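# From the sequence below, what's the structure:
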Amino acid sequence: MAVKEETNTKTTGSAGPLRSQSAVPTGMGRARLTLAISAGKLASSAGRLLRIGGGTSLPGMIARRIDPDVLRSVVGASGAKKIVIAGSNGKTTTARMTAAIAAASGKQVSQNRTGSNLLQGVTSVAVNFADIFGRLDSDVLLFEIDEATLAQAVPEIQPDVVVITNIFRDQLDRYGELYAVAHALDRMLEDLPATSTIVLNGNDPQVASFGQKSKARKIFFGLETTEVGTPVPEQSADVIRCIRCNSDFVYEVAYLSHLGLYRCPNCGYTLPKLDIAATSIKLASDGEGPTQVWLRTPQGELELTIPLPGLHNVYNAAAAIGASLAAGFTTEKVQTGLANVRPAFGRLEKIRAGDKNIYLTFVKNPTSFNLMLRLIGQHPGKKHLLLAASHTVVDGEDFSWLWDVELEEMAANILDVVCSGNRPDELAMRLKYAEVPLQKISMIEEREAALDAALKHVEPGGTLYIMSSYTPTQELRRIMQKRGWVKHYWEE
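Just a heads-up that it's a prediction; the model follows:
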């Protein structure tokens, strides 16, 4: 039997009967679908058997070559609730939280849990979880989808719920500038039917304006407190002018980049009334969590303990609650579901490396990098760092965003830093201009040698902080897996 991409999130008891299969093709179409799914499952099993992959994208790629309609056919035949989560940051954790709430509510969930969010990874959910005839035994189909893939995937999935977490400047050479991404997302939302629900971040001025011409119902989530945040957005904030009249926004408080309580003094544009709002937040002082949150929801007040640090995880939890309510779940099992959520692969992931500790963090834009710098800055003591960046297609070839990373705030607390990836010179240059002394900076392009050199600086019981773009994160974690420090990411 083919090994599935992820282990289905199950609860005790019967999962219920298979859904209606009216959309599954017949005749030659059915034979092609069966062949596509069978070939995809074989690829998934072979990849795991040979330890060369977890069936996260290859099954979908192979299946689509045989039957380009495989995703549409399988998902269309299922009576499961279909939830899509997109946005610049927070997709993976929001999806994990949503799945945890659904599972605690007694639902069986199928999802691309490892974050393989391009079209082949999304299709792998259908291939890995369906039987060879295209039948899915799931209550919820949960898809994390890359912004650039969303316009292709949504017509095939026909989701019941679409969540947009935020829009930040990200990989300009791949996505285009911020407003082009926003326009494309808005156009996609316009085509959703009245039976769908859009869940939007009301604290993001751009995202809050989405879906004005859509027939779909809208739910807004966000923060609504002055206990946290700053009086003005950080220097690297992306949307600081009104999207209607281009006047400067006035902020009562800025929470994260341009997310906050904003209003335009010229035309009056402001954030909408929030349906799910964090009204009080107590962050852990050590940057490690947990986080205490009080929320207003349509189903009453909630007091939550989120076992993850940072304001970004408050946003992720609020978005997950919005998705859950839009899918018809209640708030009764929210705390139960969130109680055991752990950091996703590379999201401030704590790893034991012999007698030393590693925090592995995937950073891909100024917002995520600055957020992680502030979180680890709350950890005691001066820091050993390993920074890694590569200019591949999936990482982005434009390094100009590094100049909006506020390394100056960390400079005085850096003991030593190793720069790696295939462009360590870009990182070293940025550190130099942040006034990190040159004797503290070394450049080692080869990833394993860089990891060993960085760990050599760390005393027993000490900690190495790794911040890296997508490809080096995968490479470094693969090295750690071979050494027995972590499991394969698809096994966690």
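# Quick one: mean pLDDT for stretch 73-90?
Average pLDDT, stretch 73-90: 95.
# Just the CA trace of that stretch, in CSV.
Provided in CSV are the C-alpha atoms of stretch 73-90 (Å, rounded to 0.1, in the frame of the first residue of the first chain):
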residue,chain,number,x,y,z
SER,A,73,-11.5,15.4,-10.2
VAL,A,74,-10.5,14.2,-6.7
VAL,A,75,-11.3,17.3,-4.8
GLY,A,76,-14.5,17.9,-6.7
ALA,A,77,-15.8,14.5,-5.8
SER,A,78,-15.3,15.0,-2.1
GLY,A,79,-17.9,16.4,0.3
ALA,A,80,-15.2,17.6,2.6
LYS,A,81,-14.8,21.2,3.7
LYS,A,82,-12.1,22.8,1.5
ILE,A,83,-9.9,25.4,3.2
VAL,A,84,-7.1,27.3,1.4
ILE,A,85,-4.5,29.4,3.3
ALA,A,86,-2.3,31.9,1.4
GLY,A,87,-0.3,35.0,2.2
SER,A,88,3.4,36.1,2.5
ASN,A,89,4.1,34.9,6.0
GLY,A,90,2.4,32.5,8.5
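# In that stretch, which residues are buried?
Buried residues in stretch 73-90, defined by neighbour count with 16 or more other Cβ atoms under 10 Å: 73-78, 80-90. In this view, the C-beta of every residue, glycine as well, is placed from N, C-alpha and C.
# same deal with stretch 472-489?
Neighbour count says stretch 472-489 has P472, T473, Q474, E475, L476, R477, M480, W485, V486, Y489 buried, by 16+ other Cβ under 10 Å.
# Which of these sits closest to N357?
W485 (10.4 Å; Cβ to Cβ).
# Enumerate every residue touching the closest one.
By Cβ atoms under 8 Å, 6 or more residues apart in numbering, the contact list for W485 reads I351, R352, A353, I358.
# Now with 10 Å, please.
Contacts for W485 (Cβ atoms under 10 Å, 6 or more residues apart in numbering) come out as I351, R352, A353, G354, K356, I358, L360, R477, I479.
# name the element the first one belongs to?
Going back to what we said before, that points to I351. strand 349-353 (DSSP states H and E).
# helices or strands next to that strand in the packing?
Contacts defined by 3 or more Cβ pairs under 10 Å, 6 or more residues apart in numbering; DSSP states H and E place strand 349-353 against strand 356-362, strand 463-468, helix 470-482.
# I'd like to know which elements the first one is packed against.
I take that to be strand 356-362. Using 3+ Cβ pairs under 10 Å, 6+ apart, the elements in contact with strand 356-362 are strand 349-353, helix 366-377, strand 383-388, helix 447-456, strand 463-468, helix 470-482.
# tell me the angle the longest one makes with strand 463-468.
In this case it means helix 470-482. Counting by axes from the mean of the first three to the mean of the last three Cα atoms, to 10 degrees, helix 470-482 lies at 140 degrees to strand 463-468.
# Next: the shortest one.
Relative orientation of strand 349-353 versus strand 463-468 (the same axes, to 10 degrees): 130 degrees.
# How far off centre is strand 349-353?
20 Å (Cα atoms, centre = their mean, to the nearest Å).
# That strand pairs with which strands, parallel or anti?
Here strand 349-353 is paired, per DSSP bridges, with strand 356-362 (antiparallel).
# Let me know the average pLDDT across the strand it pairs with.
Averaging pLDDT along strand 356-362 gives 96.
# quick revisit: which ones among the buried residues of stretch 73-90 map onto strands?
K81, K82, I83, V84, I85, A86 (DSSP state E).
# for the closest residue to the third one other than its chain neighbours, what are its contacts?
Ranked by Cβ to Cβ, 6 or more residues apart in numbering and with sequence neighbours excluded, the top spatial neighbour of I83 is V161, at 4.4 Å. Going by Cβ under 10 Å, 6+ apart, V161 touches 81-85, 98, 140, 142, 192, 196-199, 216-217, 219, 322-328.
# Please narrow those residues to those residing in strands.
The strands, defined by DSSP E, take in K81, K82, I83, V84, I85, V140, L142, T197, I198, V199, R217, I219 from the contacts of V161.
# export those residues to JSON lines and tack on distance to L259?
Below are the ones in strands among the contacts of V161 laid out as JSON lines (distance: Cβ to Cβ, whole Å):
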{"residue": "K81", "distance to L259": "28"}
{"residue": "K82", "distance to L259": "27"}
{"residue": "I83", "distance to L259": "22"}
{"residue": "V84", "distance to L259": "21"}
{"residue": "I85", "distance to L259": "17"}
{"residue": "V140", "distance to L259": "27"}
{"residue": "L142", "distance to L259": "24"}
{"residue": "T197", "distance to L259": "21"}
{"residue": "I198", "distance to L259": "18"}
{"residue": "V199", "distance to L259": "15"}
{"residue": "R217", "distance to L259": "23"}
{"residue": "I219", "distance to L259": "17"}
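# of those residues, closest to M443?
Closest approach to M443 among the ones in strands among the contacts of V161 (Cβ to Cβ): I85, at 37.1 Å.
# hang on, the closest one packs against L141?
No: using Cβ atoms under 10 Å, I85 is not in contact with L141; the gap is 11.7 Å.
# that older thread, now the buried members of the contacts of W485.
Neighbour-count burial (16+ other Cβ under 10 Å) is assigned, among the contacts of W485, to I351, A353, K356, I358, L360, R477.
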